[in-house]
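[1] the following comprises the amino acid sequence and a computationally predicted model.
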Amino acid sequence: MRPLSCETVIKTLSLFLLFSALAAAAQSNSSNPVDAIFPDVRSFYVDLHEHPELSGHEVHTASALAARLRAAGYDVTEHVGNTGVVAILKNGAGPTIMLRTELDALPVEEKTGLSYASKVHALDDSGREVPVMHACGHDLHMAAIVGTAEVMARTRDSWHGTLMLIGQPAEETIGGAEGMIHAGLFTRFPKPDVAVALHVSNELPAGMVSITPGIYNTNSDSIRITIYGKGGHGAMPQTAIDPIVIAARTILALQTIVSREVRPGEMAVVTVGYIRAGTKNNIIPDQAEMGITVRTFKQDVRRQILASITRITKAEAAAAGAPREPWIERYEGTDLVYNSPELAERLRAPLEAALGKNNVVTAEPIAPSEDFSYFVEQGVPGFYFSLGGADPEKFAQAKASGTQLPSNHSPFFAPDLDPALRTAIVAEIAVLRNLLNASPEELHKYKAEPPAE
Ligand SMILES: [Zn+2]
Ligand SMILES: [Zn+2]
């Protein structure tokens, strides 16, 4: 046998070193922190999805989320504004960055046919029994925040500062964010330098995210109107003043606000979402109630529409000889969510690096509203972005055939779980790491409020 030459020894040694390096790389790949936590986070999602709770009643949801975050090493405070959860992880000097998830589900009967579909019924605030479903995807947001929390805690050498994770109640009824602020969210805990949130939808395929620099969504106003008439026998209308007819005329007249009064091209929606009146076909009731939602981008258009609703409603009642002026109440409202444009552009690069350049797109503002604006209005620059939830194949088919996939709040809404949840975690980590490697001064240049009109 020939003795090994020096060259052979070096070659063998090099090969050995190369194989060791490859093996180490493969190992570090399989111990990717997102892979490591994913199965557990996914089962948390399934559990949340099977057990949804209505807005303001997120008792078990909040305690399950709090327990997970505590187990991940966070300092957790519960009951911050009803069922609100605040989890803090301090990791040296640096900025404070907040990431928010919602906790609540909706009164919707699930029809997805999934093995883990919700069968839950609960009493709503008016005491009616209603079906309950996570039809807006807040269960996915919660599972993602838990995954992100665990990875951020395990990779503390990759960032510095304070990470603040919050579970916000009652987003769907608008009030949860305000409740947490009133309960001392930014006084009992550090006030963040930037606030981040995402929302899943079927507007994008799973695996992708979209960024909307500037205005993200609309101002929203909820209005309740009671029209008064005079009750009587359905066969003797001459003795009555029919509030149903007044309501019907009012609804049609309200539709002329957007089409005839608002300048063409301005964002404006006026929808009468419900009308309630009467008990029986041969009775003219003495009042009718209706609920309206108004969506706008601009404050002056918003004021114009609200004034027009009042004017038209009062005038229709007067025209019918109603015995009393209608009662018009703006019972809920929220301002639009504003994304500091420079901040959104800053975060495009880390998202592209984490998800691939083609998986980060720019999107137009959307109409659904959100009370994340309350956090931003406290002077905290916000980054609110969209997460793809659609099965990519179904998304492509729908695009090709010009059909719509089920939207959020639909009984059929079901995100393509694995890619959507994984993308949410990867995206959140990328955004948080970027911000938690900045100095607070660097982040203070981003503006929370839109420029004056
Ligand atoms: Zn929703
Ligand atoms: Zn939602």
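    Sure thing, it's come through. Since we're looking at a predicted model, the values are computed, not measured. Ligands and ions are numbered 1, 2, ... in the order given.

[2] going by C-alpha atoms from here, please, whenever you check contacts or count neighbours.
    OK.

[3] isn't Asn217 right up against Asp371?
    No - using Cα atoms under 8 Å, Asn217 is not in contact with Asp371; the gap is 10.6 Å.

[4] what touches both of those two?
    Residues touching both Asn217 and Asp371 (Cα atoms under 8 Å, 6 or more residues apart in numbering): Val337.

[5] how far does the helix or strand where Ile166 lies sit from its chain's centre?
    Following DSSP states H and E, the helix or strand that holds Ile166 is strand 161-168. Relative to its chain's centre, strand 161-168 lies at 16 Å (Cα atoms, centre = their mean, to the nearest Å).

[6] ok, and what's touching that strand?
    Contacts for strand 161-168 (Cα under 8 Å, 6+ apart): 62, 65, 83-103, 142, 145, 149, 176-177, 180, 192, 436-437.

[7] can you select the buried ones among these for me in ChimeraX?
    To isolate the buried ones among these in ChimeraX, judged by 16 or more other Cα atoms under 10 Å, type:
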select :62,65,83,84,85,86,87,88,89,90,94,95,96,97,98,99,100,101,102,103,142,145,149,176,177,180,192,436
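
[8] return the subset of the contacts of strand 161-168 lying in strands.
    If you go by DSSP state E, those have 85-91, 96-102 in strands.

[9] quick check: longest strand of the chain.
    The chain, longest strand under DSSP E: strand 194-205.

[10] other SSEs contacting that strand?
    strand 96-102, helix 138-154, strand 382-390, helix 392-401 (3 or more Cα pairs under 8 Å, 6 or more residues apart in numbering; DSSP states H and E).

[11] and the helix or strand following the first one, average pLDDT?
    For strand 96-102, the succeeding helix or strand toward the C-terminus, using DSSP H and E, is strand 121-123. Averaging pLDDT along strand 121-123 yields 97.

[12] cool, and stretch 202-222?
    Per-residue scores along stretch 202-222 average to 95.

[13] mind checking how far that stretch is from the chain centre?
    9 Å.

[14] just stretch 205-225 next, same as before
    8 Å.

[15] look up how far Ile244 lies from the residue nearest in space to the middle of the chain.
    Residue closest to the average C-alpha location in the chain (Cα atoms, centre = their mean): His199, at 4.5 Å. Per Cα to Cα, to the nearest Å, His199 is found 39 Å from Ile244.

[16] about what we covered before: quick one: contacts for the residue nearest to the residue nearest to the centre of the chain when sequence neighbours are not counted?
    Nearest in space to His199, with sequence neighbours left out and distances taken as Cα to Cα, 6 or more residues apart in numbering, is Ser386 at 5.0 Å. Counting by Cα under 8 Å, 6+ apart, Ser386 touches 198-201, 209-211.

[17] go ahead and confirm Ile223 touches Ile292.
    Yes - between Ile223 and Ile292 there is a contact under Cα under 8 Å: 5.0 Å.

[18] and Gln255, what helix or strand is that in?
    Judged by DSSP H and E, Gln255 forms part of helix 243-256.

[19] give the burial count for the residue nearest to Val258 when sequence neighbours are not counted, as a bare number.
    If the residues on either side of it in the chain are set aside, Val258 comes closest to Ala268, at 6.3 Å by Cα to Cα, 6+ apart. Residues lying near Ala268 (other Cα atoms under 10 Å) number 22.

[20] phi, psi of Ala268?
    phi -160, psi 130 (degrees, to the nearest 10).

[21] just give me the neighbour total for Ser369.
    The burial count for Ser369: 23, using other Cα under 10 Å.

[22] checking it next. Helix, strand or coil?
    coil (DSSP: H, G, I helix; E, B strand; the rest coil).

[23] local confidence estimate at it?
    85.

[24] touching, it and Asn219? I think so.
    Yes - if you go by Cα under 8 Å, Ser369 and Asn219 touch, sitting 6.7 Å apart.

[25] overlap in contacts, those two.
    334-336.

[26] would you list these in CSV and tack on distance to Leu432 and pLDDT?
    Listed next are the shared contacts of Ser369 and Asn219 as CSV, based on distance: Cα to Cα, whole Å; pLDDT from 0 to 100:
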residue, distance to Leu432, pLDDT
Thr334, 26, 89
Asp335, 25, 91
Leu336, 23, 92
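
[27] ranking those by neighbours, who comes first?
    Neighbour-wise, the shared contacts of Ser369 and Asn219 (other Cα under 10 Å) top out at Leu336, 27 neighbours.

[28] ranges for the helices of the stretch 251-400 of the chain?
    299-319, 341-355, 373-376, 392-401 (DSSP state H, counting those that start in this stretch).

[29] got a pLDDT number for Ala452?
    For Ala452, the model assigns a pLDDT of 70.

[30] and it, that one's in a strand?
    No - applying three-state DSSP, one finds Ala452 to be coil, outside a strand.

[31] where does this protein dip in pLDDT?
    The chain contains residues with pLDDT under 70 at 1-31, 453.

[32] can you put the helices and strands packed on strand 194-205 in TSV and add distance to Asp286?
    Formatted as TSV, the helices and strands packed on strand 194-205 follow (distance: least, Cα to Cα, whole Å):
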stretch	distance to Asp286
strand 96-102	40
helix 138-154	41
strand 382-390	46
helix 392-401	47
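
[33] select, out of those, the one closest to Pro39.
    Proximity to Pro39 (Cα to Cα) singles out helix 138-154 among the helices and strands packed on strand 194-205, at 9.9 Å.

[34] any idea how far the nearest residue to Thr77 once chain neighbours are set aside lies from Pro451?
    Nearest residue to Thr77, sequence neighbours excluded (Cα to Cα, 6+ apart): Val86, at 5.2 Å. Look at Val86 and Pro451: by Cα to Cα, they are 31 Å apart.

[35] same question for Thr155.
    Distance from Thr155 to Pro451, by Cα to Cα: 38 Å.

[36] burial measure for Glu442, as a count.
    Neighbour number of Glu442 under other Cα under 10 Å is 11.

[37] brain fart, Ala319
    The burial count for Ala319: 9, using other Cα under 10 Å.

[38] before we move on, what about Gly291?
    Other residues close to Gly291 by other Cα under 10 Å number 18.

[39] cool, Arg263 as well?
    The number of residues near Arg263, taken as other Cα under 10 Å, comes to 12.

[40] same question, Ser158
    12.

[41] phi, psi of it?
    According to degrees, to the nearest 10, Ser158 has phi -100, psi 0.

[42] gap between the residue nearest to the centre of the chain and Tyr384?
    In terms of Cα to Cα, His199 sits 8 Å off from Tyr384.

[43] next one: Gly184
    Taking Cα to Cα, one finds Gly184 at 22 Å from Tyr384.

[44] next: Ala420.
    From Ala420 to Tyr384 the distance is 17 Å (Cα to Cα).

[45] returning to what we had before: Gly184 and Tyr384: which is more packed in?
    More neighbours surround Tyr384 than the other of Gly184 and Tyr384, with 25 against 14 (other Cα under 10 Å).
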